[in-house]
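Trainee: Got a sequence here, can you build the structure:
(chains A, B, C and D)
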Number of protein chains: 2
Amino acid sequence: MFEPVTIKDIAKALGLSTSTVSRALRDTHEISAATKKIVLEYAKEINYQPNPIALSLKERRSKSIGVIVSEVANSYFSQAINGIESIAYDRGYHVILTQTHESYDREVINVQHLASRSVDGLLVSLSSQTNDISHLNYLHEKGLPIVFFDRVADEIETHKVIANNEKGAFEATSHLIKSGYKRIAHLTSSTQLSISIERLKGYEAALKANNIETNPSYIKHCPHGGMIYEETENAIKELMALDEKPDAIFVAGDRLSTGCLSVFKNLNISVPNDMAIAGFSNSDVLDLFNPSLTSVRQPAFEIGQLATQMLLQLIEAKYPVEEFEKKILDTSLFVRNS
Amino acid sequence: MFEPVTIKDIAKALGLSTSTVSRALRDTHEISAATKKIVLEYAKEINYQPNPIALSLKERRSKSIGVIVSEVANSYFSQAINGIESIAYDRGYHVILTQTHESYDREVINVQHLASRSVDGLLVSLSSQTNDISHLNYLHEKGLPIVFFDRVADEIETHKVIANNEKGAFEATSHLIKSGYKRIAHLTSSTQLSISIERLKGYEAALKANNIETNPSYIKHCPHGGMIYEETENAIKELMALDEKPDAIFVAGDRLSTGCLSVFKNLNISVPNDMAIAGFSNSDVLDLFNPSLTSVRQPAFEIGQLATQMLLQLIEAKYPVEEFEKKILDTSLFVRNS
DNA sequence: TAAATTTGTGCAATCGTTCCCGACAACGTT
DNA sequence: AACGTTGTCGGGAACGATTGCACAAATTTA
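Mentor: Alright, predicted model coming up:
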């Protein structure tokens, strides 16, 4: 079944050599217009399609890029994937998608799987559990182009694309302060993640700018980034058990924001009456139907596009690239009832 | 940069032929234990990884499957993709994901792109605009394994996996009737889509079972399946302009459900007080924060898993498969305020 | 001891394509 | 007329891996 037509078939049918046929199809100069025409017409007639695998073997590239995210079922990532796809397909690359589900082990497996499948480059957003990046470093040192987006590893010198997390966090926290809240807690994911660090910075800066002292017990980490309900629930219960309960929370993640809202819902605590919440979120649905969350939205689509453009630039560079940049895109604040 | 180790390098280093090395690595019987050991140890030492592209060329398969959905940023599909991925990776296949954005043209382009990239099989959910399936038929006749899920084409004889749309629609509509609503409209996507047809059937069956006459002006189609806000808005405005306005709507799609809710929100019509809504949706967020929608939920993850298992069965079959089945999985109804 | 068998290894073809190199016309140039 | 150019084209080696076949050496059998 499924007998694809090859260059050899054309050569045999027309009484030419494979090299001549290849030249005709490739449109090189050293071929007569007459033969070229015959070959092209016949190729079209029998619907010849060059075998990309044979080409890959010869050219030593697969025309595919690997993508590593934590979850596709996350509005930020699905939007970023749309951006990645839009660029990749225009440039003739296909996209191989993998998910870590925030697990370090899955990340390592996925990276190795993609590398052994000889992708031409990698687009990576680290899992929340990832501390050790030697699996990526190894490939990076061997020359595999890698571009980080969103959750980046500063230890690896390459292109990076992120949102202005610090500024976004600053604005969201400032908004809560301006709205009159004084005891503002911070719910975030694992400590080592770049986005956690940046958003924490913005949160602290906003407090400081308004002469509010940071209270360490107001800062809660959820290492699984909202993937485990109990983790989020415990963090919030701890906050609510404090002597001086917070009156607002700044949440540093898409998944955590929804997780946080559902915990409060289950605890019968009204948002924003009993507790104001502002947080990072790219969910259209949440935005539409939950008027209580003031949200920081990232330009996910653009981040995906930009990261892909930069990766393709690395892949198609004639000489090894030595200068790397970190692009930072602005977030936007959607003020709602909180 | 990036010089991968080949079997030839091992052969040269150990003074053996490539065939011997290959046999040692492949663990065939016709090789001495001594040489095998030497080869394996050396291969491990220099971290030899077989080149999957060379293998693909030889074996004429790419160990990859193509997936075509309308949107990843759709909770149903992102859950289905998780199911697909979970099976594919276990079996050593990688997943190439494409989106149609409900456009027929993009569907054709994606199908051709995947085919020319020589995927071993295709997992397809049709776009809402697709009428003509000759692009798929062509490949199917050439022997490319295809499995449909969710939005299927009955004209092509192959495996299919769907939810029990008719039953789900029947239950949702019956629920609205039991709740006392009498004038129940139906908002659905394009007429030709299998899911539209099936859900319409369930809707009509429920009306009939309760001796309610179907009113053709109560049935509204949105060919873009909720992707275009104005389309949904117009449909609803037409319903609201009727002499006998409906008092409830059964919505036949994930995207349409959220679209519909936001239209009512913008029109300041209260759901479920002024208008009750029940509809298909797999969105956790919507489920959590919008208590007004009674939803029909599909086992998306399981559908993805099952479809992938069936596709791999087709791909790895020794003889062409002649018997095809259509698996139908039950939906579940989540009763809320509507 | 000679023949037959087993065992281990190498050679070469193969998958589909490209491209370097050489062949050989048909020219134009001295 | 002899030579160099130019334009076309075919042969064959690559890319990395597998595998049927051949063949030598080692072993067993008669």
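
Trainee: hang on, residue A:47 packs against residue A:10?
Mentor: No - in terms of Cβ atoms under 8 Å, residue A:47 does not count as a neighbour of residue A:10; the distance is 11.3 Å. C-beta coordinates here come from the backbone N, C-alpha and C atoms, glycine included.

Trainee: any idea which helix or strand carries the residue nearest to residue A:249 when sequence neighbours are not counted?
Mentor: Spatially, and ignoring its direct neighbours in sequence, residue A:249 is nearest to residue A:185 (4.6 Å; Cβ to Cβ, 6 or more residues apart in numbering or on different chains). Element membership for residue A:185, per DSSP states H and E: strand A:184-189.

Trainee: Which strands or helices does that strand pack on?
Mentor: Strand A:184-189 is packed against helix A:165-178, helix A:194-209, strand A:219-222, helix A:229-240, strand A:248-251, helix A:254-266, with contacts defined by 3 or more Cβ pairs under 8 Å, 6 or more residues apart in numbering or on different chains; DSSP states H and E.

Trainee: Return the distance of residue A:99 relative to residue A:110.
Mentor: Separation of residue A:99 from residue A:110 (Cβ to Cβ, to the nearest Å): 8 Å.

Trainee: intersection of neighbour lists for the two?
Mentor: Listed contacts common to residue A:99 and residue A:110 are residue A:68; contacts here mean Cβ atoms under 8 Å, 6 or more residues apart in numbering or on different chains.

Trainee: which intervals of the stretch 151-300 of chain A have sub-threshold pLDDT?
Mentor: In the predicted model of the stretch 151-300 of chain A, no residue satisfies pLDDT under 70.

Trainee: what does it put close to chain B?
Mentor: Applying Cβ under 8 Å from any Cβ of the partner chain, one finds that the stretch 151-300 of chain A approaches chain B through A:258, A:261-262, A:265, A:283-286, A:288-290.

Trainee: repeat that for 6 Å
Mentor: A:258, A:262, A:283, A:285-286, A:288-290 (Cβ under 6 Å from any Cβ of the partner chain).

Trainee: biggest separation within those residues, which pair?
Mentor: Comparing every pair within these by Cβ to Cβ identifies A:262 and A:288 as the most remote, at 16.5 Å.

Trainee: If you count surrounding residues, which of residue A:47 and residue A:10 has more?
Mentor: Using other Cβ atoms under 10 Å in any protein chain shown as the criterion, residue A:47 and residue A:10 rank with residue A:10 on top: 23 against 9.

Trainee: Now do the SS call for the more buried one.
Mentor: Recorded secondary structure, residue A:10: helix (DSSP: H, G, I helix; E, B strand; the rest coil).

Trainee: what about the strands in chain A?
Mentor: In chain order, chain A shows strands spanning A:64-69, A:94-99, A:121-124, A:146-149, A:160-163, A:184-189, A:219-222, A:248-251, A:276-280, A:293-297, A:326-329, A:332-334, with DSSP state E as the criterion.

Trainee: Would you mind giving these as CSV with mean neighbour count added?
Mentor: Putting the strands of chain A into CSV (neighbours: other Cβ atoms under 10 Å in any protein chain shown) gives the following:
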stretch, mean neighbour count
strand A:64-69, 26
strand A:94-99, 23
strand A:121-124, 27
strand A:146-149, 26
strand A:160-163, 25
strand A:184-189, 26
strand A:219-222, 21
strand A:248-251, 30
strand A:276-280, 26
strand A:293-297, 26
strand A:326-329, 14
strand A:332-334, 14
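
Trainee: Tell me which of those strands sits nearest to DNA strand D.
Mentor: If you check each of those against DNA strand D by Cβ to the nearest atom of the strand, strand A:64-69 wins as the nearest, at 16.6 Å.

Trainee: can you list the residues of the stretch 1-150 of chain A near chain B?
Mentor: With Cβ under 6 Å from any Cβ as the criterion, the stretch 1-150 of chain A meets chain B at residues A:1-2, A:49, A:52-54, A:56-57, A:72-73, A:78, A:81, A:94, A:96-97, A:116-118, A:142-143.

Trainee: What parts of the stretch 51-200 of chain A come near DNA strand C?
Mentor: For the stretch 51-200 of chain A, the contact set with DNA strand C under Cβ under 7 Å from any atom of the strand comprises A:51, A:54-55, A:57-58.

Trainee: Just the ones of those in helices?
Mentor: Secondary structure from DSSP state H places A:54-55, A:57-58 of those in helices.

Trainee: Generate TSV for those, with pLDDT and neighbour count as supplementary columns.
Mentor: As requested, these are arranged in TSV below (pLDDT from 0 to 100; neighbours: other Cβ atoms under 10 Å in any protein chain shown):
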residue	pLDDT	neighbour count
A:54	94	16
A:55	94	15
A:57	93	19
A:58	93	10
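
Trainee: now, which of those sits nearest residue B:151?
Mentor: When these are compared for distance to residue B:151 (Cβ to Cβ), residue A:55 comes out closest, at 33.3 Å.
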